[in-house]
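In: Can you look at this prediction? I've put the sequence above it.
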Amino acid sequence: MHPDANSPSHRIARVAAHLNPTRPQMEEGAGSALRPAACRAKGGAPGFKVAVLGAAGGIGQSLSLLMKMNPLVSVLHLYDVVNTPGVTADVSHMDTSAVVRGFLGPQQLEAALTGMDLVIIPAGLPRKPGMTRDDLFNKNAGIVRALCEGVAKSCPNAIVNLISNPVNSTVPIAAEVFKRAGTYSPKRLLGVTTLDVARANTFVAEVLGVDPKEVNVPVVGGHAGITILPLLSQVSPPCSFTPDEISYLTTRIQNGGTEVVEAKAGAGSATLSMAFAAAKFADACLRGMRGDAGVVECSYVASEVTELPFFATKVRLGRGGAEEIFPLGPLNDFERAGLEKAKKELSESIQKGVSFMSK
Ligand SMILES: NC(=O)C1=CN([C@@H]2O[C@H](COP(=O)(O)OP(=O)(O)OC[C@H]3O[C@@H](n4cnc5c(N)ncnc54)[C@H](O)[C@@H]3O)[C@@H](O)[C@H]2O)C=CC1
Ligand SMILES: O=C([O-])CC(=O)C(=O)O
């Protein structure tokens, strides 16, 4: 740094450059960023570098806000194919430590991803009433493939949190992309199913008449309809339900996404609860990456828990991602029957993702 770099005139020049997006990036060399680096970009708090891909969307905007509030994040890169200048300017005014930079369009994907520790992907089309998550496959498969190719190229060691639907197929697609690029580590690829757990905790807490914070429901399988399998026999704290309660809760948890899609009546799917869930899951990943012990969340990952190559169960998050995958635990007859149905549909969705990549 120049000896006078901290003089008043230099400080004003730095701030002016930061506010004028036509001036070149001042620090850290990512010349294609929308805005110059914040004047204290290099002096940001110690922490992790996180990118949100699809940051201008319904999930992406709230998620960007929540990640800007996370004290474990030192640098936050916001990437989308539209509207990132506005979202970035807006989020960057929050007086929390993370330095925010925006990136717009495929030519800036590399700059958005270079050096990232964690990449969160909520890019892609959401459902409208009458659609299944699988109906999104044709649009979202290509989006996920392109973004994961970017990850493989620019931050091959980053942990990926994949939100884009249909998660049951997009995670296998991402795995194939990374395998082809020679960067695949199953531990680093995590499908986000945290919203299923959030819903299960909420609905079970309502039935029990307790605070949802006190409840933890494991939700296994996948992230669509009958593949979402809440294990109500394993709720913490231990409790029991009548057959009617089990039927009501299972159906409501499996249809939680559709409940929101129908209530939004064409204006999209869950965004606020999803951003909350994604931020919670990302925070768990970051705590694991920091070395915290005992960080356990459900996630859809490469797995040997069943005969399927991907399955959601509880996983222990550590420095390298999903360090340990927990078994299903004892299931009752109702859950065993649900598991068989879930596996049949999941197997087809996984195969669909793998086939997409072999075309
Ligand atoms: N895993 C889960 O539990 C959940 C998943 N989702 C899924 O998340 C996805 C996003 O949902 P919303 O945010 O509501 O949709 P949205 O339409 O509001 O936002 C999607 C964003 O992705 C961006 N995008 C599209 N193509 C892109 C590309 N190639 N690169 C970067 N960004 C791109 C769009 O410009 C848009 O800003 C959907 O696929 C939805 O189904 C939604 C809720 C829960
Ligand atoms: O239902 C959808 O399309 C969005 C989603 O995955 C969810 O809310 O669980």
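Out: Now that the structure is in, tell me what you want to look at. Ligands and ions are numbered 1, 2, ... in the order given.

In: Can you pull the poorly scored residue ranges out of the stretch 201-350 of the chain?
Out: Within the stretch 201-350 of the chain, no stretch has pLDDT under 70.

In: ok, now which ones touch whatever residue of it ends up closest to ligand 1?
Out: Residue nearest to ligand 1 within the stretch 201-350 of the chain (CB to the nearest ligand atom): Met274, separated by 3.9 Å. C-beta: built from backbone N, CA, C; applies to glycine. Contacts of Met274 were listed using CB atoms under 8 Å, 6 or more residues apart in numbering, and they are Ile59, Leu63, Pro122, Ile163, Leu195.

In: Out of these, flag the one nearest to ligand 2.
Out: Out of the contacts of Met274, the member with the shortest distance to ligand 2 (by CB to the nearest ligand atom) is Leu195, at 5.0 Å.

In: secondary structure element for the closest residue to that closest one other than its chain neighbours?
Out: Once flanking residues are discounted, Leu195 sits nearest to Ala277: 4.0 Å by CB to CB, 6 or more residues apart in numbering. Taking DSSP states H and E as the criterion, Ala277 maps to helix 272-290.

In: try Leu65
Out: Here Leu65 sits within helix 58-68, counting by DSSP H and E.

In: ditto for Thr306
Out: Under DSSP H and E, no helix or strand contains Thr306.

In: Now do the buried residues in the lengthiest helix in the chain.
Out: Longest helix in the chain, counting residues (DSSP state H): helix 333-358. Applying a neighbour-count criterion of 16 or more other CB atoms under 10 Å, one finds 335, 338-339, 342-343, 345-347, 349-350, 352-354, 356-357 buried in helix 333-358.

In: ok, which pair from those residues is furthest apart?
Out: Greatest spatial distance among those (CB to CB): Glu335 and Met357, at 32.1 Å.

In: Tell me the residues of this structure that contact ligand 2?
Out: Proximity of the chain to ligand 2 is confined to Pro126, Arg127, Arg133, Asn165, Leu195, Gly256, Gly257, Thr258, Val260, Val261, Ser269, Ala270 under the rule CB under 6 Å from any ligand atom.

In: Next up, the contacts around the nearest residue to the fourth one once chain neighbours are set aside.
Out: Ranked by CB to CB, 6+ apart and with sequence neighbours excluded, the top spatial neighbour of Asn165 is Arg133, at 4.4 Å. In this structure, Arg133 makes contact with Arg127, Asn165, Pro166, Val167, Asn168, His223, Ala224, Gly225, Gly257, judged by CB under 8 Å, 6+ apart.

In: The second one: how many residues sit nearby?
Out: I take that to be Asn165. A total of 27 residues lie near Asn165 under the criterion other CB atoms under 10 Å.

In: Spit out the contact partners of it.
Out: Gly124, Pro126, Arg127, Arg133, Leu136, Asn140, His223, Ala224.

In: Distance to Tyr300 and secondary structure added to those residues, as JSON lines?
Out: Below are those laid out as JSON lines (distance: CB to CB, whole Å; DSSP: H, G, I helix; E, B strand; the rest coil):
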{"residue": "Gly124", "distance to Tyr300": "16", "secondary structure": "coil"}
{"residue": "Pro126", "distance to Tyr300": "18", "secondary structure": "coil"}
{"residue": "Arg127", "distance to Tyr300": "18", "secondary structure": "coil"}
{"residue": "Arg133", "distance to Tyr300": "13", "secondary structure": "helix"}
{"residue": "Leu136", "distance to Tyr300": "16", "secondary structure": "helix"}
{"residue": "Asn140", "distance to Tyr300": "15", "secondary structure": "helix"}
{"residue": "His223", "distance to Tyr300": "6", "secondary structure": "coil"}
{"residue": "Ala224", "distance to Tyr300": "10", "secondary structure": "coil"}
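
In: So which of these is the closest to ligand 2?
Out: Looking across these and measuring by CB to the nearest ligand atom, the closest to ligand 2 is Arg127, at 3.7 Å.

In: which stretch of helix or strand covers Ala123?
Out: Here Ala123 is assigned to no helix or strand, by DSSP H and E.

In: Nearest residue to it in space, please, no chain neighbours.
Out: Gly54 (2.9 Å).

In: residue contacts, that neighbour?
Out: Residues in contact with Gly54, defined by CB under 8 Å, 6+ apart, are Gly60, Tyr79, Asp80, Ile121, Pro122, Ala123, Gly124, Ile163, Ser164.

In: Kindly recompute the last result at 7 Å.
Out: Neighbouring residues of Gly54 by CB atoms under 7 Å, 6 or more residues apart in numbering: Gly60, Asp80, Ile121, Pro122, Ala123, Gly124.
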